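Participant: Kindly generate the corresponding structure for this input.
(2 chains)
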Amino acid sequence: AQSVTQLDSHVSVSEGTPVLLRCNYSSSYSPSLFWYVQHPNKGLQLLLKYTSAATLVKGINGFEAEFKKSETSFHLTKPSAHMSDAAEYFCVVSDQARAAGNKLTFGGGTRVLVKP
Amino acid sequence: DTGVSQDPRHKITKRGQNVTFRCDPISEHNRLYWYRQTLGQGPEFLTYFQNEAQLEKSRLLSDRFSAERPKGSFSTLEIQRTEQGDSAMYLCASSARTQRGTEAFFGQGTRLTVV
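Facilitator: Prediction:
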């Protein structure tokens, strides 16, 4: 079984300041981990993914995430928030076991508000 | 447009009516997934296909729900005798295994409102 907990349902930051979105996961097998972003009235877009290569993963739009197996965490960061970063962010886990079919399990989401 | 497309984008229906949604995946993708997202929640897995075979169904998929992918290309999701609790965004995704791993691409979803 796999599960994801996003520790903050809402995060508010000022433009130009760092963003931290926290995520903890649980997985029976070697997981793949993802962060997706969802802007209003738009589809889910992949920001970045971890698939057992480098533990520090760089994504699009200046985002990066670090996989920490000992802490079962995959927190998302960005050094400087931009107004366009206001959106809902989802941490996602997928079992790499073949039988799992790469089914994705989503966290509850973190809504990011960026203040000017 | 070579992404995942879903039709319709919005559907309003009366309680008790049947509705059907369509998903056209990226053409070379052999896996297709359906998810449901209710307001303020993350998407929840409903079912997935590998080619035309439906390999897994979630407990969320009651007997009023049925999904098909008859030729391993597009898929349909039908809800019979809709209830107000079925109001949600229904998302389709497709994926294929590549050298860089597996990445799911999502459509923009069909928003269902049951009145």
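
Participant: what about chain A, any weak spots by pLDDT?
Facilitator: For chain A, the stretches with pLDDT under 70 are A:96-101.

Participant: What parts of it come near chain B?
Facilitator: Within chain A, the positions near chain B by Cβ under 8 Å from any Cβ of the partner chain are A:4, A:32, A:36, A:41-46, A:49, A:51, A:90, A:94, A:101-109. Heads up, the C-betas are built off the backbone N, CA and C, glycines and all.

Participant: Once you drop chain neighbours, what's closest to the one residue in chain A that gets nearest to chain B?
Facilitator: Each residue of chain A has a distance to chain B, by Cβ to the nearest Cβ, and the smallest belongs to residue A:106, at 3.4 Å. Residue nearest to residue A:106 in three dimensions, not counting chain neighbours: residue B:42, with 3.4 Å by Cβ to Cβ, 6 or more residues apart in numbering or on different chains.

Participant: That neighbour: how many residues sit nearby?
Facilitator: 23 (other Cβ atoms under 10 Å in any protein chain shown).

Participant: and it, which of the three is it?
Facilitator: Secondary structure for residue B:42, judged by DSSP: H, G, I helix; E, B strand; the rest coil, is coil.

Participant: Which residues are in contact with it?
Facilitator: The contact partners of residue B:42, taken as Cβ atoms under 8 Å, 6 or more residues apart in numbering or on different chains, are A:4, A:90, A:106-109.

Participant: ok and the residue in chain B nearest chain A?
Facilitator: When scored by Cβ to the nearest Cβ, chain B has residue B:42 as its residue closest to chain A, at 3.4 Å.

Participant: List phi and psi for that residue.
Facilitator: Summarising the backbone geometry of residue B:42 under the convention degrees, to the nearest 10, its torsions are phi -80, psi 160.
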